[in-house]
Every structure is written in structure tokens, then in C-alpha cells.
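Participant: Got a predicted structure plus its sequence, pasted below:
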Amino acid sequence: MERLRVVIGAGEYNNNPGWLQTQEKELNLLNRSGWEAMFRPGTVEAILAEHVWEHLTYEEGVEAAKLCFEFLQPGGYIRCAVPDAYFPNEEYQRIVQIGGPGPVDHPAASHKIVYTYETITAMFAEAGFIVRLLEYCDENGIFHDGEWDAEKGLIFRSKRFDPRNKDELVFVSLLVDAVKPE
């Protein structure tokens, strides 16, 4: 059986060869008919969303997570990376803030939320997921990271893969796996 792994909002990069790369116009996190046209419920192994969920409100995030939950197979997961509200860097926070720092056509201009590890965990848990924190800052600004397998979804904007973090952490993501129970 073919593995069905999907990247939501893939952008112009293909950091995950062999995964189905989608854009918002092809697969919208809030549009059930688009999902139904592409997949059967319970058939998707993994969903990767790198810097996508912050473009939804918290409530929309829960709705999107519930839709993904329906289409994921038991044990399937969403690997999600978003900006981290607890990362203690003023320039980073200015860039990732709600509404963004610059012109309306800048991607950050459509940020609707900046998550903490508590809020993203609560959002996915509300949709039925078990959440595992992979990289995050705590409320004291201390960065935590554990081992995670890039073969299960490479997140470029991470401690390990973003070259901006070579000498010191300057751009991190709050990175989680939200797993659908078996």
C-alpha cells in the first residue's frame, strides 16, 4: 500500500521528496470538499504544515485540526511548526507578530496568532490529538529540543536544519507532532 503523506502549504520548496506537495488553492485546511475530492477518511499517514497554522485563528486551527483528524489513519500525525511566542528575540517577535511587520503582501501580514507550547498543545488536544513537543521555548525563554526523525517530515525552520541557527539560535519554530490515537 502506498504511503499517503501530504505537505500543506508547500511553497516553492520541496524539502520532503515523495510527499504530496499542496498549496492552499489545492487543499485548504478549512475546506472539507477539497479534502473529500483528494482523500478518503482514515487514509492519510502524515500531514506536514510548516508555518501554516499561524495564518488561522485559534478557532479555525481547531476546526482545521478536526478535519485533518478525520482524514488521518489511526496512529497518523500532523507535524506542525509555527512561530514561537516564547522565543526571547525582539526582532523575531516583531517579524512573527499578529498582522506582521510590513506590507500587506508580506506572508507574516496574515498571521492571526502566535502560539506558545501551551496554546498549540491545547488546540490540537481539543481536536482529539495526543501532542508531542519536539522543539519549543518555555515561558522563561529556554529552548527545548528532543530527537525527531526528519524522514517523518523535515521542518526547514528548525534548530537542526535552518542555517541561520548555525552559530546561535536566531530563528526557531515551535514544533510538534499531533498524533491521532490508535
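Facilitator: Noted; the coordinates are in hand. Owing to the predicted nature of the structure, the values given are computational and were not obtained by experimental measurement. Residues are numbered from 1 along each chain as shown.
Participant: Wasn't Pro74 part of a helix?
Facilitator: No: with the criterion set as DSSP: H, G, I helix; E, B strand; the rest coil, the secondary structure at Pro74 is strand rather than a helix.
Participant: quick one, what contacts it?
Facilitator: 42, 180-182 (C-beta atoms under 8 Å, 6 or more residues apart in numbering). (Glycine included, C-beta is placed from N, CA and C.)
Participant: In ChimeraX, how would I select the buried members of the residues you listed?
Facilitator: One line in ChimeraX is enough to select the buried ones among the contacts of Pro74; burial here means 16 or more other C-beta atoms under 10 Å:
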select :180
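Participant: ok, the contacts of Pro74 vs Lys112, which is closest?
Facilitator: Within the contacts of Pro74, the smallest distance to Lys112 is 24.6 Å, found for Lys180 (C-beta to C-beta).
Participant: For that closest one, give its distance to Tyr136.
Facilitator: Separation of Lys180 from Tyr136 (C-beta to C-beta, to the nearest Å) stands at 21 Å.
Participant: Bridging across strands, which residues link to the closest residue to Ala10 other than its chain neighbours?
Facilitator: In space, and not counting its chain neighbours, Ala10 is closest to Gln21: 3.9 Å by C-beta to C-beta, 6 or more residues apart in numbering. Bridge pairing for Gln21 (DSSP bridges) gives the partners Val7.
Participant: Thought Asn14 was touching Gln21, still the case?
Facilitator: Yes: between Gln21 and Asn14 there is a contact under C-beta atoms under 8 Å: 5.9 Å.
Participant: quick one, which of those two is more surrounded?
Facilitator: Set Gln21 next to Asn14 and count neighbours by other C-beta atoms under 10 Å: Gln21 wins out with 19 against 11.
Participant: residues in contact with the more buried one?
Facilitator: Each residue near Gln21 by C-beta under 8 Å, 6+ apart is listed here: 7, 10, 14.
Participant: who touches the helix ranked longest in the chain?
Facilitator: Looking only at the chain and at elements set by DSSP state H, the helix with the highest residue count is helix 58-71. Helix 58-71 is contacted by residues 29-30, 32, 35, 39-44, 47, 53, 56, 78, 112-113, 119, 123-124, 126-129, 178, 180 when judged by C-beta under 8 Å, 6+ apart.
Participant: I am finished for the moment; much appreciated.
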